[in-house]
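# Would you be able to build a 3D model of this:
(chains A and B)
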Amino acid sequence: MQEWLQIQKLRSSIPKPDELLVETFPLSKRFHLCAYAFEGRLAHTTLCMLLTRRLERLGCGPIGFVASDYALAIWSMRPMGALDMAELFDEDMLGDDLEAWLEESVMMRRAFKTCALVSGLIERRFPGEEKTGRQVTFSSDLIFDVLRRHQPDHLLLRCARADTAGGLVDVARLGQMLSRIKGRIVHNDLPKVSPFAVPILLTIGKEMVPGAAQEWVLEQAESELIAEALS
Amino acid sequence: MNAWSRVAGPAYDLASDGAALRMAVAGAEVAFRASGALWIEGVQALVIADLHLEKGSAYAARGQLLPPYDTREALGRLAAEVAAARPKLVVMLGDAFHDAGAGERLSAEDAASISALAMGRTLIWVTGNHDPEPPRDLPGEAADELELCGLVLRHEPAPGRAAAEASGHLHPCARVAAGGRSVRRRCFVTDAERVILPAFGAYAGGLNIRDAAFAGLFARPPLAIALGPRRAHAVGWRSTRAD
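Now for the predicted structure:
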């Protein structure tokens, strides 16, 4: 443990109690941003949603994120080391469109699926069940997409929204944190991953940023094909 | 970045023009559109597979009350495609209707939007296993199969390695993996000899192209053309996964 802290101190730094440590570094062809906010998973998840939306607008191409009770990590297509962290973590992000984010999110689709199962709209499939040739059971995603366009106030969508907002978001606590860390952000742009970042990067429950991140997977696969064709 | 400006690799010769990928399938110039429609350049034809109109109402009749907007959704996307591509010919590659009663359940509004599609162009309804009877009271002609620019267009892929064919029926989907993540998308699947189109219908499910149903249909590892919101992406077989 001592050794781990020593290396953290050497490579990056150990934040004081009232500081927020933010680290940026490249890792396996992607760029990472880690923040150690100690505000709990809900507030961190909320922060990740808002940050990824900002990063998207700043052209960093955020791909995914993960939040634990202690820290959060976001990874992107382009480096985030040159960003002004004070600006990025400014309180005004609370005015950003959290609802719009949730509406597009994978979590919303998941919540909708649960609602659709509970209501009996679709049936749950179990592993080992006999598979039919083409899908006869319904993908809740297809229903979700159609409903959202044609009846956005549908009861199941309202339920899914309520579940998503209630289970994933903690705006109040995030607000307190953002005002507390104002002017106390320590940003270290590192050449490689720091010891502190390892646990959060190994945390289960990675989420994809909706939209661009999925296209990123397709673009990566496409460039692999191009590389193959040119080799 | 438009990487596909022109890549003449040993495997496939593809070109991109923004939203669509162009390629020759058995000598016919085609474009794979991001919507899942196939464009046949020589005859300016737009080909759509597996619309499955009124699938929602078919399930509702049996007690599974799906939201009844699937027909409107699919026809809306089709109308947008027709407006964008301005085809002379629109070919429905079978299973345009989910069942025999679908034509009667079709709302007047939806029937009108089909009629609007036929204005100034020819509509061809290729029959499929879900709709063996050609639609009544709707514009267009019915056919079991037809040939355009040397490509045979039929609903169900002929078994084995049939060449020069465009078909649907299987609802191909690809799970594409890269950078430790994967996404599942509807896709075209082609070996440059034949092409299988993705389903266009709003409630049409997908079958992974790694499923046994696709085995033996292609002469070499086929290419998946995965559909994205803005464009179609060419994906090599090696980047695809089973579900």
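# Mind telling me which residue of chain A is nearest chain B?
Using C-beta to the nearest C-beta, residue A:229 is the residue of chain A that sits closest to chain B, at 2.5 Å. To be clear about C-beta, it is placed using only N, CA and C from the backbone, and glycine gets the same treatment.
# Let me know whether that residue touches residue A:222 as I believe.
No - if you go by C-beta atoms under 8 Å, residue A:229 and residue A:222 don't touch, sitting 10.6 Å apart.
# Beta-bridge partners for residue A:208, please?
Assessed by DSSP bridges, residue A:208 has beta-bridge partners residue A:64.
# how many other residues sit next to it?
19 (other C-beta atoms under 10 Å in any protein chain shown).
# Name all residues that make contact with it.
Residues counted as contacts of residue A:208 (C-beta atoms under 8 Å, 6 or more residues apart in numbering or on different chains) are A:63-64, A:106, A:214, B:181.
# Max pairwise distance over these: which two?
Comparing all pairs in these by C-beta to C-beta, the longest separation belongs to A:63 and A:106, at 12.5 Å.
# more neighbours, these two?
residue A:63 (24 against 14).
# related to what we said a few turns ago, can you pull the buried residues of the helix or strand encompassing the residue of chain A closest to chain B?
For residue A:229, the host element (DSSP states H and E) is helix A:212-230. If you call a residue buried by 16 or more other C-beta atoms under 10 Å in any protein chain shown, then helix A:212-230 has these buried ones: A:212-222, A:224-226, A:229.
# do stretch B:211-228 as well
Neighbour-count burial for stretch B:211-228 [16+ other C-beta under 10 Å]: B:211, B:213-214, B:217-218, B:222-228.
# so where is chain B shaky, pLDDT-wise?
Applying pLDDT under 70 to chain B flags residues B:1-11.
# ignore the last one, chain A
Counting by pLDDT under 70, chain A contains low-confidence residues at A:128-137, A:230-231.
# Provide a list of residues in contact with the spatially most central residue of it.
For chain A, the residue nearest the mean C-alpha position is residue A:65 (3.2 Å; C-alpha atoms, centre = their mean). By C-beta under 8 Å, 6+ apart, the residues touching residue A:65 are A:48, A:51-52, A:72-75, A:206-207, A:209.
# Just the buried residues of those.
Among those, those classed as buried by 16+ other C-beta under 10 Å are A:48, A:51-52, A:72-75, A:207, A:209.
# Can you lay out those residues as JSON lines showing distance to chain B and secondary structure?
Shown next, in JSON lines, are the buried ones among the contacts of residue A:65 (distance: C-beta to the nearest C-beta, whole Å; DSSP: H, G, I helix; E, B strand; the rest coil):
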{"residue": "A:48", "distance to chain B": "16", "secondary structure": "helix"}
{"residue": "A:51", "distance to chain B": "19", "secondary structure": "helix"}
{"residue": "A:52", "distance to chain B": "15", "secondary structure": "helix"}
{"residue": "A:72", "distance to chain B": "18", "secondary structure": "strand"}
{"residue": "A:73", "distance to chain B": "14", "secondary structure": "strand"}
{"residue": "A:74", "distance to chain B": "14", "secondary structure": "strand"}
{"residue": "A:75", "distance to chain B": "10", "secondary structure": "strand"}
{"residue": "A:207", "distance to chain B": "11", "secondary structure": "strand"}
{"residue": "A:209", "distance to chain B": "11", "secondary structure": "coil"}
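# Turn the residues you listed into TSV, columns for distance to residue B:234.
Output for these, formatted as TSV (distance: C-beta to C-beta, whole Å):
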residue	distance to residue B:234
A:48	32
A:51	33
A:52	28
A:72	35
A:73	32
A:74	29
A:75	25
A:207	28
A:209	24
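# What about the residue nearest to residue A:112 when sequence neighbours are not counted, how many residues nearby?
With C-beta to C-beta, 6 or more residues apart in numbering or on different chains as the criterion, residue A:112 has its nearest non-adjacent residue at 4.0 Å, and that residue is residue A:160. Look at residue A:160: counted by other C-beta under 10 Å, it has 27 neighbours.
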